[in-house]
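Engineer: Need a 3D model of the sequence below.
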Amino acid sequence: MKVIAFYGSPRINGNSEILLNEALKPIEAEGHEIISFKLNTMNIKPCQNCGGCDKTGKCIINDDMSEIYKAIREGDRFILASPIFFFALSAQSKIMLDRCQAFWSEKYLLKKVIPEGKYGRKGLLLLVGGMKRDIGIKCSESTAKAFFRTISVPTHETLGYLGVDAKGDILEHPTALKEVYDGGKRLIEI
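Structural biologist: Numbering: from 1, shown residues only. The predicted structure follows:
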């Protein structure tokens, strides 16, 4: 099974990365292949809404998204870990999601769906933010759901943690690490 992990925070070793690493532990222990993308370090231009992918399902921009496109086509399981900024996914996450417009064109305009493969396709969304109200989780989850469905991931689980702001604060959360570890285990269930 091939697991594709997207780390969407600009902060190195921050709360989102701690959660992602914990979710990956049971996956790694089972010997599954993991391909990780640290989105903040990648050269990804924003979608230009140019229509270049409308007839082909292929983006005309040549940058690091080509690696991501390949991984999405070949992946079985997908994890997106993002902080919540202004009730939304991080810019690093969103720029990657927006560039998946090419998959949207392929699926909805050209009627070509990414095959589900031997194991099917499932996703896991990990969110963490400093606010106390759950509107950030709801808004981020809605955007991520559109992404997952566009790349032919019919189901995903969302695990979100609020009131966690300073670097490393997630380590003090009473249940987060166990919950995301268990979420990683559920992700690879067939």
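Engineer: all contacts plus neighbour counts: C-alpha atoms, from now on.
Structural biologist: Will do.
Engineer: List the contacts of stretch 177-190.
Structural biologist: Applying CA atoms under 8 Å, 6 or more residues apart in numbering, the set of residues contacting stretch 177-190 from outside is 1, 19-20, 22-27, 77, 119-120, 122-124, 126, 157, 159, 170-171.
Engineer: Ignoring the adjacent residues along the chain, who's closest to residue 113?
Structural biologist: Counting by CA to CA, 6 or more residues apart in numbering, residue 113 lies nearest to residue 107, which is 5.0 Å off, once chain neighbours are set aside.
Engineer: ok, the one you found - contacts?
Structural biologist: For residue 107, the contacting residues are 57, 113-114, 150, by CA under 8 Å, 6+ apart.
Engineer: give me the number of residues near residue 6?
Structural biologist: Residue 6: 22 surrounding residues under other CA atoms under 10 Å.
Engineer: Just say helix, strand or coil for residue 10.
Structural biologist: coil (DSSP: H, G, I helix; E, B strand; the rest coil).
Engineer: In three-state terms, label the closest residue to it other than its chain neighbours for me.
Structural biologist: When the adjacent residues along the chain are set aside, residue 10 lies closest to residue 40, with 5.4 Å between them (CA to CA, 6+ apart). Using three-state DSSP, the three-state assignment for residue 40 comes out as helix.
Engineer: Give the residue farthest from the middle of the chain.
Structural biologist: Note on the chain: the largest separation between a C-alpha and the mean C-alpha position, by CA atoms, centre = their mean, falls on residue 55 (26.0 Å).
Engineer: Tell me if that residue really is in a strand.
Structural biologist: No: using three-state DSSP, the secondary structure at residue 55 is coil, not a strand.
Engineer: what about it, distance to residue 103?
Structural biologist: With distances defined as CA to CA, to the nearest Å, the gap from residue 55 to residue 103 amounts to 11 Å.
Engineer: Over to residue 12?
Structural biologist: Distance of residue 12 to residue 103, given as CA to CA: 29 Å.
Engineer: Neighbour count: the two, which is higher?
Structural biologist: With neighbours defined as other CA under 10 Å, residue 12 and residue 103 compare such that residue 103 has more, 27 against 13.
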